[in-house]
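**Student:** following is a predicted model, sequence given first.
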Amino acid sequence: MNNFFEIKNATFKVSGSEKVKDVSFSIKNEGDIICLLGPSGIGKTTILRSIAGLEKIYQGEINLKDKILSSANIHVEPEDRKIALSFQENSLFPHYTIVKNINLSSRNQNDKKINISEIIKILNLESILNKYPHQVSAGEAQRASLARSLNSNPDLLLLDEPLSNVDQSLKEEIQVKLKQILKKLKITTIIVTHDSYEAFYLGDKCGIILDKELKQFDDPYNVYHFPNSEKVVKFLNRGVLIPAKVTSPKSLENDDLGVITGNFVKPFAIGKKVKLLLQPEDLHHDDKSNLKFDVVDIKFRGTSFIYTLKTDTNNLLPVFVHSHHLHQHEINDKFGIKKPIHIEHIVCF
Ligand code: ADP
Ligand code: MG
């Protein structure tokens, strides 16, 4: 078999209007998890609905286990696809209890990989099994709907923002358990999320959808460290782009920071003016340094602080500092940056 799942040059439409164009990506192995990220309204749900067969495609191809499911001429009906879609909004049947809802999807009992009582336990659903959907919280309904999708024993599981209504404290716990279940049972899954940390944690690969295109499809590490466009950088919002000039094959210069050395991910001509990606972990704090900037914002993240510094040319630089750093700095304090500055992978546009 080639790829377990594949989309080739597909264009996704809703009500005749084109949402995402010319999408191609594949899932090589059964049990791989793909996370799709993108702003609201970009067409993520449309892609999942099309993969499930609820929307037709008019261009390109969708293949699962070497069989064409959708193309310009072929459209396998949703019920014949062995694909489970867990909808973004609560789709539980209101007149059935939670347990009945979960068991509704139970099929393919013989080759069943799923142990539903284990799933119910993992998803913390035991206490609400006999309640009706209107008697449970949005997060509980979302978890019940996730259990129902898993219970259908699909070849491909599609989860549309499955944890968006789950409380933060429970969310991280469920992310860990969900990943364990999917990996243990080798359930191939495409998850739509707007949370990049969730995508980086769950996804073997992440796809970033922007401006009607799948802009980047890559390992989470690469999406973060080697974003392939300014748009991806801005969407992930984990760093800033500052002006710089390339001064050698291993260095560049910025008016505020001076010389920065490192390894260019993509070579640039010497003398070229570029935008350099600066991420919070690229600069290091040093009180003794004479390179100092004003603190304009401080975000306490528990394990770390992210300081925002304002430079003389009005650039805002994020700096990661370990949260055990002994003395704290206040807004308007001068904050030193360690020299020389070395950035392991230099990403420029
Ligand atoms: P996302 O899931 O990324 O937020 P959707 O796939 O739900 O985006 O929607 C993409 C775009 O298509 C949105 O602008 C939305 O308003 C529009 N859309 C979604 N469903 C329909 C529909 N049934 N009819 C017309 N427009 C729709
Ligand atoms: Mg959506």
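**Tutor:** Structure's in. What do you need? Keep in mind it's a predicted model, so treat the numbers as computed, not measured. Residues are numbered from 1 along each chain as shown. Ligands and ions are numbered 1, 2, ... in the order given.

**Student:** check for me that Val319 belongs to a helix.
**Tutor:** No - counting by DSSP: H, G, I helix; E, B strand; the rest coil, one finds Val319 to be strand, located in no helix.

**Student:** so what's it up against?
**Tutor:** Pro280, Leu283, His284, His285, Ile306, Tyr307, Thr308, Leu309, Phe335, Ile337 (CB atoms under 8 Å, 6 or more residues apart in numbering). (Each C-beta comes from the backbone N, C-alpha and C, glycine too.)

**Student:** with adjacent residues omitted, what lies nearest to whatever residue of the stretch 1-150 of the chain ends up closest to ligand 2?
**Tutor:** In the stretch 1-150 of the chain, the residue that lies nearest ligand 2 is Thr45 (3.2 Å; CB to the ion). Distance criterion CB to CB, 6 or more residues apart in numbering; nearest residue to Thr45, sequence neighbours excluded, is Asp160 at 5.7 Å.

**Student:** please apply the same query to Pro154.
**Tutor:** In space, Pro154 is closest to Ala84, 3.9 Å off (CB to CB, 6+ apart).

**Student:** if that neighbour is in a bridge, with which residues?
**Tutor:** Taking DSSP bridges, one finds Leu157 as the beta-bridge partners of Ala84.

**Student:** wait, His134 sits on Phe93?
**Tutor:** No - applying CB atoms under 8 Å as the test, His134 and Phe93 come out as separate, 11.2 Å apart.

**Student:** mind checking what secondary structure the residue nearest the centre of the chain has?
**Tutor:** Note on the chain: the residue nearest the mean C-alpha position is Ala199, at 2.9 Å, using CA atoms, centre = their mean. Recorded secondary structure, Ala199: helix (three-state DSSP).

**Student:** just give the nearest non-adjacent residue to it, would you?
**Tutor:** Per CB to CB, 6+ apart, closest to Ala199 is Cys35, 3.7 Å.

**Student:** which residues sit against the helix or strand that neighbour falls within?
**Tutor:** Using DSSP states H and E, Cys35 maps to strand 33-37. Residues external to strand 33-37 that are found in contact with it (CB under 8 Å, 6+ apart): 25, 27, 44, 47, 179, 182-183, 188-194, 196, 198-200, 202-209, 220, 235.

**Student:** how far does the helix or strand just after that strand sit from the chain's center?
**Tutor:** Remark: after strand 33-37, the chain's next helix or strand is helix 44-52, criterion DSSP H and E. Distance of helix 44-52 from the chain centroid (CA atoms, centre = their mean, to the nearest Å) equals 16 Å.

**Student:** give me the packing partners of helix 44-52, helices and strands only.
**Tutor:** strand 5-14, strand 17-27, strand 67-71, strand 83-86, strand 156-160, strand 188-193 (3 or more CB pairs under 8 Å, 6 or more residues apart in numbering; DSSP states H and E).

**Student:** try 7 Å this time
**Tutor:** For helix 44-52, the elements it packs on are strand 5-14, strand 17-27, strand 83-86, strand 156-160, strand 188-193, judged by 3 or more CB pairs under 7 Å, 6 or more residues apart in numbering; DSSP states H and E.

**Student:** what about the closest residue to Gly271 other than its chain neighbours, which SS state?
**Tutor:** Nearest residue to Gly271, sequence neighbours excluded (CB to CB, 6+ apart): Val246, at 6.5 Å. Of the three states, Val246 takes strand under three-state DSSP.

**Student:** pLDDT value on Val246, please?
**Tutor:** Val246 is assigned 98 on the pLDDT scale.

**Student:** re earlier: what's the angle between the strand holding Cys35 and strand 188-193?
**Tutor:** Between strand 33-37 and strand 188-193, the angle comes out at 20 degrees (axes from the mean of the first three to the mean of the last three CA atoms, to 10 degrees).
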